[in-house]
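**Student:** With the sequence up front, the predicted model follows.
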Amino acid sequence: MKSFLCLFALGIFLHIHEGQAMCAPGFESFYVEDLMMEMCLNFVTDVKRDWHESKTYCESLGADLADLDYGDLHWQVISYIHKHEWLLDEGFHIGCTDEVTENEWLWTDGRPVSMFTGHWYPGQPDGGYSENYGCLYYDDFLYSSCLNGQRLYAICMV
């Protein structure tokens with residue numbers, strides 16, 4: 001009987017929180033419907049950092065630089081940026097790089113970045129060995145390869 005009551009109470013708790021954001025403070029909730037999964041993103045706008053500093057900062061939050069290759073997440077991020085005027089003239093580091101092998105773009109977890117989608121700005125990635133880090137850049141916020149050492153804001157993801 002105790003087990004049933006515990007399960008019943010847990011069910012009520014889960015039902016109450018269903019549909020509510022489960023993201024940590026400072027993180028925004030984005031729901032990827034085709035995966036039926038919530039993604040939590042933090043638009044870090046306190047200090048502009050280079051890509052490695054941004055990655056380290058995200059890790060200090062228990063996150064990583066954002067991997068936007070999930071369903072319509074990238075399009076949701078673009079929409080979010082356009083709804084927040086102060087973000088419109090900025091650029092953001094995201095979690096992809098080809099620093100290990102030129103022209104082999106990988107997310108920080110080692111998965112390959114889809115190169116044949118509408119996510120990349122036309123002609124991107126470019127820059128060869130001088131642009132090894134993924135970013136979203138104004139005014140379209142499509143993927144771009146950004147200069148090594150370029151200081152931008154970051155998008156962290158849990």
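**Tutor:** Now that the structure is in, tell me what you want to look at.

**Student:** Contacts for stretch 53-60 next, please.
**Tutor:** 42, 44, 49, 64-65, 93, 95, 108, 152, 154, 156-157 (CB atoms under 8 Å, 6 or more residues apart in numbering). The C-beta positions use only the backbone N, C-alpha and C, and glycine is treated the same way.

**Student:** Can you point out the buried residues in that stretch?
**Tutor:** Residues of stretch 53-60 classed as buried by neighbour count (16 or more other CB atoms under 10 Å): 54-55, 57-58.

**Student:** Then stretch 93-110?
**Tutor:** Residues 93-98, 105-108 are the ones in stretch 93-110 that count as buried (16+ other CB under 10 Å).

**Student:** try stretch 59-71
**Tutor:** Here stretch 59-71 shows 63-71 as buried, counting by 16+ other CB under 10 Å.

**Student:** Tell me the pLDDT of the most centrally placed residue in the chain.
**Tutor:** The centre of the chain sits closest to Ala66, judged by CA atoms, centre = their mean, with a distance of 2.3 Å. With respect to pLDDT, Ala66 has a value of 98.

**Student:** what does Phe116 give?
**Tutor:** On pLDDT, Phe116 comes in at 82.

**Student:** so who does it touch?
**Tutor:** By CB under 8 Å, 6+ apart, Phe116 has no neighbours at all.

**Student:** quick one: it and Asn42, what's the gap?
**Tutor:** 29 Å (CB to CB, to the nearest Å).

**Student:** same thing with Ala24?
**Tutor:** According to CB to CB, Ala24 and Asn42 sit 8 Å apart.

**Student:** higher neighbour count, the two?
**Tutor:** Per other CB atoms under 10 Å, whichever of Ala24 and Asn42 has more neighbours is Asn42, with 21 against 12.

**Student:** Pairing partners for the helix or strand hosting Tyr153, with directions?
**Tutor:** Using DSSP states H and E, Tyr153 sits in strand 152-157. Note on strand 152-157: by DSSP bridges, its sheet partners are strand 37-49 (antiparallel), strand 64-65 (antiparallel), strand 91-97 (parallel).
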